[in-house]
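# how would this look folded up:
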Amino acid sequence: MDAVLEVADVSKSFWGIKALDRVRLSVQRGEVHAVTGENGAGKSTLMKIIAGLIPPDEGEVHFHGRGIAMIHQELLTFPDLTVAENVCMGQEPSRWLAGWLDKPAMRRQARELLARLGVAVDPSSRMGDLSIAEQQSVEIAKALAREADLIIMDEPTSALSDHEAELLFRIIGDLKQRGVTILYITHRMQEIFRLADAITVLRDGCHVATEAAGQMDEKRLIALMVGRALDTSVAKAPSRAGDVILEVRGLTRPGRFRDVSFVLRRGEILGLAGLMGAGRTDVAAAIYGLAPAASGTILVDGRAVRINSPADALSHGIAMVTEDRKQYGLVPEMSLKENVTLSSLARYGYGPFIRRRAEEAAADEQIRGFAVRTSGRDQPVKNLSGGNQQKVVIARALLADPRILILDEPTRGIDVGAKNEIYQLIARLAREGKAILLVSSEMNEILSLSDRVLVMRQGAAVAEVSPGESTPEEILAYAMPN
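Residues are numbered from 1 along each chain as shown. Sure thing, here's the model as predicted:
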């Protein structure tokens, strides 16, 4: 066999926690090699070591190729530069004298790569103005531009709909035919068994198994990941929807969405489906006050309210788990405890002072309840794995005890065990009377959890369907642009 990458007994520790413990890995040239495990298993740490971003404490990495490109789980973009400048970063074409960038060539290259991904993004657009899904597509295009022998893809479809993911899968197939090796990290079982030639499982920072994908099934893979059998079914009881608690009428933000109207009842889960750029996240952000609508009306309990900020939303009993935990969901330099209690400090205050013991007790309860893997409540949240960071964002939203909960890609970067826990939690919250607006790119998630599904296309709500009477193909047909 022709190994392009060999990892020998690599170890790494952070904050007293051993992220990797003598991990070994051998990857063959031209294969798609999936690396799986629960949140905190060490997957992203291993990938960063392979890419040369962080050094190992012990062990060696041997690479036999021309170059390594990496698509990060937490997007590493230059928000104030253009899409073209991000795609060509580090290998910008020049003309005439050294130092003069050939910007037309940069735009052409970016446009061609994005077209391969089926993404209609203007290469001259400012990166920071794109949605998370669009930014993720640009990061994929940037990796393709490197023409590396090894591409590391860390949760590359986490913000993509099924349609956009399908285009990426085709590109992976093309890369494989050209002899490019893919290291693929995902928590989505169907992607693993569709794409992978070999599967490596990590658990608690240790190598558990490496096997050919054809010799493994989903049940065995989950057992290797979590160390036990796991029921992955979604226990969603029939809706007992009550009175309308949230209504939006004619909500519009030019260039993002237009004339969106719907109602949400107590005890109901309303799913928002659609392709990348359809406006789902923008509508959710408008309701929460992150990017208010230009026109239209939001009503809570039948009364029109003005929501110009998240503070306004929280005052009306609306909380949100944002799609972009890095920009909106977390304060990276603050501790886990401070991030969990940030939206609920009034509960733990006495005048201008914070009752530290009460705050610590609340944080500890959330850490236990969500099984956050951490060295303690005072650990900086930036040092947690992506999946554990997501748990912190969800814990903070629920600590505010909202009546209306907006969940935008709530299982992004969450492993199969934690994802199942989140599904059960969402179902339980609905049974308890919470009104939930669920935005998800995972069709199974939308169809399994929602009582109704509102399909968006190009900024407009075009159809409302019943999950029990609809198929993914039907929803995709509504979502596809004309």
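
# so Arg66 makes contact with Asp149?
Yes: Arg66 lies in contact with Asp149 (CB atoms under 8 Å); the separation is 4.9 Å. Placement of C-beta: from N, CA and C, glycine included.

# So between those two, which is more surrounded?
Taking other CB atoms under 10 Å, Arg66 and Asp149 do not tie; Asp149 has more neighbours (20 against 10).

# residue contacts, the more buried one?
Counting by CB atoms under 8 Å, 6 or more residues apart in numbering, Asp149 makes contact with 4, 29, 65-68, 179-181.

# Now with 7 Å, please.
For Asp149, the contacting residues are 4, 65-67, 180-181, by CB atoms under 7 Å, 6 or more residues apart in numbering.

# try Arg95
Counted by CB under 7 Å, 6+ apart, Arg95 has contacts Asp102.

# Please apply the same query to Leu275.
161, 163-164, 479.

# Roughly how far does it sit from Arg126?
Distance of Leu275 to Arg126, computed by CB to CB, to the nearest Å: 22 Å.

# Also Thr281?
Relative to Arg126, and taking CB to CB, Thr281 is found at 17 Å.

# okay, and for the protein, where does confidence drop off?
1, 15, 96-99, 228-239, 413, 415, 482 (pLDDT under 70).

# how about the nearest residue to the spatially most central residue of it, chain neighbours excluded?
The geometric centre of the chain, computed from its C-alpha atoms, lies nearest to Arg412 (CA atoms, centre = their mean), at 3.1 Å. Take Arg412 and drop its neighbours on the chain: the residue closest to it by CB to CB, 6 or more residues apart in numbering is Ser158, 4.6 Å away.

# what does Val331 give?
Val331 sits nearest to Asn339 (CB to CB, 6+ apart), 6.0 Å away.

# I'd guessed that neighbour sits against Arg396; true?
Yes: here Asn339 lies in contact with Arg396, judged by CB atoms under 7 Å, at a distance of 6.3 Å.

# what's the overlap in contacts for the two?
In contact with both Asn339 and Arg396: no residue, using CB under 7 Å, 6+ apart.

# What is the strand or helix carrying Val201 packed up against?
Assessed by DSSP states H and E, Val201 sits inside strand 198-203. When contacts are defined as 3 or more CB pairs under 7 Å, 6 or more residues apart in numbering; DSSP states H and E, strand 198-203 packs onto strand 32-36, strand 206-212, helix 218-226.

# Would you list the strands that that strand pairs with, along with their directions?
Taking DSSP bridges as the criterion, strand 198-203 sits next to strand 32-36 (parallel), strand 206-212 (antiparallel) in its sheet.

# Let me know which of the ones you listed is tucked in deepest.
Comparing the strands paired with strand 198-203 by mean neighbour count (mean count of other CB atoms under 10 Å), strand 32-36 ranks first with a mean of 25.

# tilt between it and helix 218-226?
Going by axes from the mean of the first three to the mean of the last three CA atoms, to 10 degrees, strand 32-36 is angled at 60 degrees with respect to helix 218-226.

# Stretch 414-422: which residues count as buried?
414-422 (16 or more other CB atoms under 10 Å).

# So what touches that stretch?
With CB under 7 Å, 6+ apart as the criterion, stretch 414-422 contacts 38-39, 187, 189, 222, 225-226, 230, 232, 387, 390-391, 410-411.

# Pull the distance from that stretch to the chain's centre.
Its chain's C-alpha centre lies 13 Å from the corresponding centre of stretch 414-422 when counted by CA atoms, centre = their mean, to the nearest Å.

# And stretch 51-62, by the same measure?
Relative to where its chain is centred, stretch 51-62 has its mean C-alpha point 26 Å off (CA atoms, centre = their mean).

# Same check on stretch 46-53?
Counting by CA atoms, centre = their mean, stretch 46-53 comes out at 20 Å from the chain centroid.

# Which positions in that stretch come out as buried?
Residues of stretch 46-53 classed as buried by neighbour count (16+ other CB under 10 Å): 46-51.

# Now tabulate the residues you listed in TSV and tack on distance to Val121.
Formatted as TSV, those follow (distance: CB to CB, whole Å):
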residue	distance to Val121
Leu46	31
Met47	26
Lys48	27
Ile49	32
Ile50	29
Ala51	25
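
# which ones among these are found in helices?
Judged by DSSP state H, the subset of these located in helices is 46-50.

# Make JSON lines out of these and add distance to Arg452.
Shown next, in JSON lines, are these (distance: CB to CB, whole Å):
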{"residue": "Leu46", "distance to Arg452": "41"}
{"residue": "Met47", "distance to Arg452": "39"}
{"residue": "Lys48", "distance to Arg452": "41"}
{"residue": "Ile49", "distance to Arg452": "45"}
{"residue": "Ile50", "distance to Arg452": "44"}
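
# and of those, the nearest to Ala115?
Met47 (27.6 Å; CB to CB).

# Please name the nearest non-neighbouring residue to the closest one.
Ile152 is the one closest to Met47 (CB to CB, 6+ apart), at 5.0 Å.

# follow-up on the earlier one: can you count the residues close to the residue nearest to Val331?
Residues near Asn339, counting by other CB under 10 Å, number 23.

# Arg256 touches Val283, doesn't it?
No: applying CB under 7 Å as the test, Arg256 and Val283 come out as separate, 8.2 Å apart.

# Have a look at those two and say which one is more surrounded.
Val283 (29 against 19).

# Can you name every helix or strand that the helix or strand hosting that one contacts?
Here Val283, judged by DSSP H and E, is contained in helix 280-288. Using 3+ CB pairs under 7 Å, 6+ apart as the contact test, the elements touching helix 280-288 are strand 244-253, strand 257-265, strand 318-321, strand 404-408, strand 435-439.

# what angle sits between the fourth one and strand 435-439?
So that's strand 404-408. Going by the same axes, to 10 degrees, strand 404-408 makes 10 degrees with strand 435-439.

# Same question for the longest one.
Computed with the same axes, to 10 degrees, the direction of strand 244-253 lies at 40 degrees from that of strand 435-439.

# got the contact list for the closest residue to Lys12 other than its chain neighbours?
Closest residue to Lys12 apart from its sequence neighbours, by CB to CB, 6+ apart: Leu20 at 4.4 Å. Contact analysis of Leu20 by CB under 7 Å, 6+ apart lists 10-12, 42, 45-46, 205.

# Please apply the same query to Val393.
For Val393, the contacting residues are 321, 325, 329-330, by CB under 7 Å, 6+ apart.

# Secondary structure and neighbour count for the contacts of Leu275 - can I get that in TSV?
Below are the contacts of Leu275 laid out as TSV (DSSP: H, G, I helix; E, B strand; the rest coil; neighbours: other CB atoms under 10 Å):
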residue	secondary structure	neighbour count
Ser161	coil	22
His163	helix	16
Glu164	helix	22
Ala479	helix	21
